[in-house]
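**Q** Output the structure for:
(2 chains)
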Amino acid sequence: MRVRFAPAPTGFLHLGSARTALFNWLAARHAGGTFLLRVEDTDLERSRQELVDVIYEALEWLGLDWDEDPVRQSDRIDAHQEAVDRLLIEGLAYWSDPVPEADRERVGGRAYDPADRDRDLGPGPGRAVRFRVPEEGAVGWTDMIRGEISFELANLEDFVIRRADGSPTFFIANAVDDAAMGVTDVIRGEDLINVTPKQLLLRDAIGAGAEPLRLAHLPLIVNEQRKKLSKRRDDVSLLDYRERGFLPEAMVNYLALLGWGPPDGVEVRTDPLREFPPMFRVEDVNDSSAFFDQKKLRFVNGEHLRALGVAHFAERARPWFDREPWSDRYHAETFGRIAGEVQTRVETLSEVPGYVDFLFLPEPEEDPVAWAKVMVPEAGPWLDAVISGCEAWPWESAELYERTMALAEASGTSRKKFQAPVRVALTGRTVGPPLFESMEILGRDETLRRLRSARGRLGEPTPDGPG
RNA sequence: GCCCCCAUCGUCCAGCGGCCUAGGACGCCUCCCUUUCAAGGAGGUAACACGGGUUCGAAUCCCGUUGGGGGUGCCA
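**A** Okay, the predicted model is just below:
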């Protein structure tokens, strides 16, 4: 069994393409088959190396390895031309002139004149080669996902296989290359269903139809409006997700859940690339479109993040610190002390620095809303109590916890309210990693400095007793 | 317009004629845990588009309607 992933180099790998690549890869690995790569760079614009490299980079990031040297369609033009010539000689294709917009009514609204079929024209300026579609009958196939699909030939126009500029089109290139590469199973997006009759016809015409091709058309991935993901309004570039802090294993895991699900119902897998192949069958793929749900993706990513060992998590988060303006202050050992606590609180790696920046910054980045909310007048005495406590307490998180909570009890307020001003004074925010671990890491001196600073800005200490 | 595909909770996946008073997951809500926020635990909310058949029996099969999507290029 040989499958192929055949993207056009557009400068980014589309999420839908990534899913197609994944399903082809899964099918191949399941069957012990061969996963091939063909770069469809027929257009010269698209054959720029850097555009092609993006595809390799994206596949490598996901961990989808291919088996033979990638085929560059641009290297195969001679074979495509030869096929077109042969079809011309055999009378299965013919030269055709374009019909100007104004005259289209005369030819049934088409862009070409069907009468050209019998004119026996030769090459000429502006003249393209069209495939002679039989007038009667139907082309169909049994789709591995959708079952019987069939098209009346009467509805199919004679399509171009060589443009006026001499270049072969996608239809012929595809048919010729699939045959040459020995492709046995084609797994691609549903948007290609309607070109399938053309490719089947050509496959037959070039004499490659002996072994019937097995076809599977995957449901489209859609946005909240149920439309095909568009480059313009949706986040469709796979590699952008890497930049946003998603793990490749989470992307693979989530993408596999779009149109398919593991038969045992366990959706999140620590190692989807190893666990899915044995259970993946194209026949089981769903046939209706799937919404790309960022929320669920985030959940899946969070699960993968939490499944990482703490050290590994810290390592993976490292690049995100490098992007911070204060990256030179980052200290791996310091982060390592709190990484485990951060790990359960983030869903993407990009959120990590924001959780612990106060440990590295000379001054915590203060959230004015948080300050206004917790620095109420009663907070003065609370801070005073914590400050004097901190001057003497043993500097260890469990101790700090016990003693601060004892002060909270004594204050008559809730623990929650009591800790809030302390947290804001130290971290600048109302939410963050556990407070006492943070204090321990910050150290006695820095903790006191920040508490005093906040206390100073809160206002004068209030004298004891009712005023 | 024409061609093709699709139709189960808001979303993703189960269900392939009786096991369905329709199951799981995300989300959302409630509670527990709790130094914040998470994580974790326990609950809850919520769906077979509609109409005809077929059948003893239909979410499951057939037909139609409606709705959605894709394609209609000398792009791929």
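**Q** count of neighbours near the residue of chain A found nearest RNA strand B?
**A** Among all residues of chain A, A:G261 sits closest to RNA strand B, at 2.3 Å; criterion: C-beta to the nearest atom of the strand. No exception for glycine: its C-beta is placed from N, CA and C like everyone else's. By the criterion of other C-beta atoms under 10 Å, A:G261 has 15 neighbours.
**Q** quick one, what contacts it?
**A** A:G261 makes contact with A:E267, according to C-beta atoms under 8 Å, 6 or more residues apart in numbering.
**Q** Distance of it relative to A:D271?
**A** 17 Å (C-beta to C-beta, to the nearest Å).
**Q** quick one: contacts of stretch A:372-386?
**A** Residues beyond stretch A:372-386 that count as contacts (C-beta under 8 Å, 6+ apart) turn out to be A:404, A:407, A:410-411, A:413, A:417-418, A:420-425, A:430, A:451, A:454-455, A:458-462.
**Q** hmm, try it at 10 Å
**A** A:367, A:393, A:400, A:403-404, A:406-408, A:410-413, A:417-425, A:430, A:439, A:447-448, A:451-452, A:454-464 (C-beta atoms under 10 Å, 6 or more residues apart in numbering).
**Q** Show me where the stretch 1-150 of chain A has its strands.
**A** A:2-5, A:34-39, A:71-72, A:93-96, A:128-131, A:138-143, A:147-152 (DSSP state E, counting those that start in this stretch).
**Q** can you redo those as CSV with mean neighbour count and mean pLDDT?
**A** Below are the strands of the stretch 1-150 of chain A laid out as CSV (neighbours: other C-beta atoms under 10 Å; pLDDT from 0 to 100):
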stretch, mean neighbour count, mean pLDDT
strand A:2-5, 24, 98
strand A:34-39, 21, 97
strand A:71-72, 17, 95
strand A:93-96, 22, 96
strand A:128-131, 23, 97
strand A:138-143, 16, 94
strand A:147-152, 12, 94
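**Q** Redo those as TSV? Include distance to RNA strand B.
**A** Shown next, in TSV, are the strands of the stretch 1-150 of chain A (distance: least, C-beta to the nearest atom of the strand, whole Å):
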stretch	distance to RNA strand B
strand A:2-5	12
strand A:34-39	9
strand A:71-72	12
strand A:93-96	6
strand A:128-131	4
strand A:138-143	8
strand A:147-152	4
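**Q** would a markdown table of these with distance to A:L62 be doable?
**A** Shown next, in a markdown table, are the strands of the stretch 1-150 of chain A (distance: least, C-beta to C-beta, whole Å):
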| stretch | distance to A:L62 |
| --- | --- |
| strand A:2-5 | 11 |
| strand A:34-39 | 12 |
| strand A:71-72 | 20 |
| strand A:93-96 | 40 |
| strand A:128-131 | 36 |
| strand A:138-143 | 26 |
| strand A:147-152 | 30 |
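**Q** quick one, which of those is nearest to A:D113?
**A** strand A:93-96 (7.1 Å; C-beta to C-beta).
**Q** What pairs with that closest one, parallel or antiparallel?
**A** Using DSSP bridges, strand A:93-96 pairs in its sheet with strand A:128-131 (antiparallel).
**Q** Chain A - how does it break down into domains?
**A** Chain A breaks down by automatic domain parsing into domains covering A:1-66+A:219-307, A:77-162, A:308-359, A:368-457.
**Q** what about the third one and RNA strand B, any contact?
**A** Yes - shown here: domain A:308-359 in contact with RNA strand B (C-beta under 7 Å from any atom of the strand) through A:E341, A:T344, A:R345.
**Q** Return the distance of that domain from the chain's centre.
**A** 23 Å (C-alpha atoms, centre = their mean, to the nearest Å).
**Q** How far does it stretch from one end to the other?
**A** One end of domain A:308-359 sits 23 Å from the other (C-alpha to C-alpha, to the nearest Å).
**Q** tally of neighbours for A:K373?
**A** The burial count for A:K373: 13, using other C-beta under 10 Å.
**Q** hmm, the lengthiest helix in chain A touching RNA strand B?
**A** Counting by DSSP state H, the longest helix found in chain A is helix A:15-31. No - legend: contact between helix A:15-31 and RNA strand B by C-beta under 7 Å from any atom of the strand is lacking; minimum distance shown is 9.7 Å.
**Q** any idea of the angle that helix forms with strand A:34-39?
**A** 150 degrees (axes from the mean of the first three to the mean of the last three C-alpha atoms, to 10 degrees).
**Q** Need the nearest residue in space to A:V268, chain neighbours excluded.
**A** A:E303 (4.6 Å; C-beta to C-beta, 6 or more residues apart in numbering).
**Q** can you confirm the one you found is in a strand?
**A** No - using DSSP: H, G, I helix; E, B strand; the rest coil, the secondary structure at A:E303 is helix, not a strand.
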